[in-house]
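K.L.:
Whatever this is, show me its structure:
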Amino acid sequence: MKYYYTMIPTYASGTIGFTFCSKKHDPEKDLHEERARKLQDLKYYSTGIHRAAFVMPVFTKKFFK
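P.N.:
Numbering: from 1, shown residues only. Down below sits the predicted model:
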């Protein structure tokens with residue numbers, strides 16, 4: 001299980017969290033950087049944003065202890 005979050009300006013606090021659950025895929029280890037670099041005209045997504053989305057915030061770390 002992986003926790004990730006994103007910013008959604010229309011959401012009440014702006015931040016919303018999700019969980020990614022898979023027995024097969026890992027959203028961090030399975031990142032294909034070459035494929036991601038081929039994506040054109042993106043205004044937000046990058047491999048750096050992808051990785052950063054899975055860094056667990058302090059409040060979440062405390063919650064899961």
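K.L.:
Pull out the buried positions in stretch 45-57.
P.N.:
Ala53 (16 or more other C-beta atoms under 10 Å). (Each C-beta comes from the backbone N, C-alpha and C, glycine too.)
K.L.:
now the end-to-end length of that stretch.
P.N.:
20 Å (C-alpha to C-alpha, to the nearest Å).
K.L.:
Tell me how far that stretch lies from the chain's centre.
P.N.:
5 Å (C-alpha atoms, centre = their mean, to the nearest Å).
K.L.:
secondary structure element for Ala52?
P.N.:
For Ala52, the host element (DSSP states H and E) is helix 47-53.
K.L.:
Can you tell me the centre-most residue of this structure?
P.N.:
Nearest to the mean C-alpha position of the chain, by C-alpha atoms, centre = their mean, lies Ala53 at 3.0 Å.
K.L.:
residue contacts, the residue nearest to that one when sequence neighbours are not counted?
P.N.:
Excluding its sequence neighbours, the residue lying closest to Ala53 (C-beta to C-beta, 6 or more residues apart in numbering) is Tyr4, at 4.5 Å. Neighbouring residues of Tyr4 by C-beta atoms under 8 Å, 6 or more residues apart in numbering: 17-20, 27, 53-54.
K.L.:
Backbone dihedrals for Thr15, both of them.
P.N.:
phi -120, psi 140 (degrees, to the nearest 10).
K.L.:
Shouldn't Arg35 be within a helix?
P.N.:
Yes: under DSSP: H, G, I helix; E, B strand; the rest coil, Arg35 sits within a helix.
K.L.:
What's opposite Tyr4 in the beta bridge?
P.N.:
Taking DSSP bridges, one finds Phe18 as the beta-bridge partners of Tyr4.
K.L.:
Return the distance of it relative to Gln40.
P.N.:
Distance, Tyr4 to Gln40, using C-beta to C-beta, to the nearest Å: 24 Å.
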